[in-house]
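Undergrad: Structural data only, the sequence is not supplied:
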């Protein structure tokens, strides 16, 4: 089984993906971490994330161990990730990595859960289940603001909201792999739901979809 979960930042993709992977005994890949890792490599090398040559070089040299770097969660790296993710050379370099993970997940798992922004449309268009999570920008900004404050990092709500809106526009309007739901994706609005309720809705959607598939 391959479960594809897409949506913008702050909708709860990662939390849901981890719970579904544990529930169904599947492997989990947070594909956004790949682009964050590329952005972080570019920044640490002193390069410019807007430079396609530097970004492509970083993507081509990516290792699984890079995904565990705690620096991936910083706002600076998130912004760099959004920039490099819009570059065709970077997406092409990471395409095989993601597809191989989905088709042959580590540990001989019986499937995988991938969350990102183009899983159901580009990476795994044949996934058995496709979920697309949404939430109001103000709700997502509040979640991100509280997450930063909980980690002891300085944060201003208005700035967090502005950053989210900028990233949304960039992700939705980029020329390749734009953020949009697959035609057969099931949409879940998490604005007014806690993590448990989102999980319940996802389980119900998965049950209905897999039952329909036979």
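TA: The structure has been received and is ready for your questions. Keep in mind that this is a model prediction, so the values were computed, not measured.
Undergrad: doesn't residue 95 make contact with residue 59?
TA: No. Using C-beta atoms under 8 Å, residue 59 makes no contact with residue 95, being 10.1 Å away. Heads up, the C-betas are built off the backbone N, CA and C, glycines and all.
Undergrad: Counting neighbours, go ahead and name the busier of these two.
TA: residue 59 (24 against 14; other C-beta atoms under 10 Å).
Undergrad: Now do the same contact list for the more buried one.
TA: 38, 84, 89, 90, 93, 94 (C-beta atoms under 8 Å, 6 or more residues apart in numbering).
Undergrad: got a winner among those for most neighbours?
TA: residue 38 (31 neighbours).
Undergrad: got a list of what that one touches?
TA: 55, 58, 59, 62, 81, 84, 90, 94.
Undergrad: Let me see the ranges of the helices in the protein.
TA: 13-24, 31-44, 52-60, 75-84, 88-103, 137-150, 157-173, 195-213 (DSSP state H).
Undergrad: can you redo those helices as a markdown table with mean pLDDT?
TA: Shown next, in a markdown table, are the helices of the chain (pLDDT from 0 to 100):
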| stretch | mean pLDDT |
| --- | --- |
| helix 13-24 | 96 |
| helix 31-44 | 95 |
| helix 52-60 | 94 |
| helix 75-84 | 90 |
| helix 88-103 | 90 |
| helix 137-150 | 92 |
| helix 157-173 | 90 |
| helix 195-213 | 92 |
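Undergrad: Tell me which residue is most central in this protein.
TA: residue 116 (2.5 Å; C-alpha atoms, centre = their mean).
Undergrad: Do I have it right that that residue meets residue 122?
TA: No. Between residue 116 and residue 122 there is no contact, the gap being 9.3 Å when judged by C-beta under 8 Å.
Undergrad: For stretch 182-190, give me every contacting residue.
TA: Against stretch 182-190 from outside (C-beta under 8 Å, 6+ apart): 4, 6, 11-12, 120-121, 125, 129-135, 139, 181, 198, 201-202, 205, 209.
Undergrad: Alright, I will stop here.
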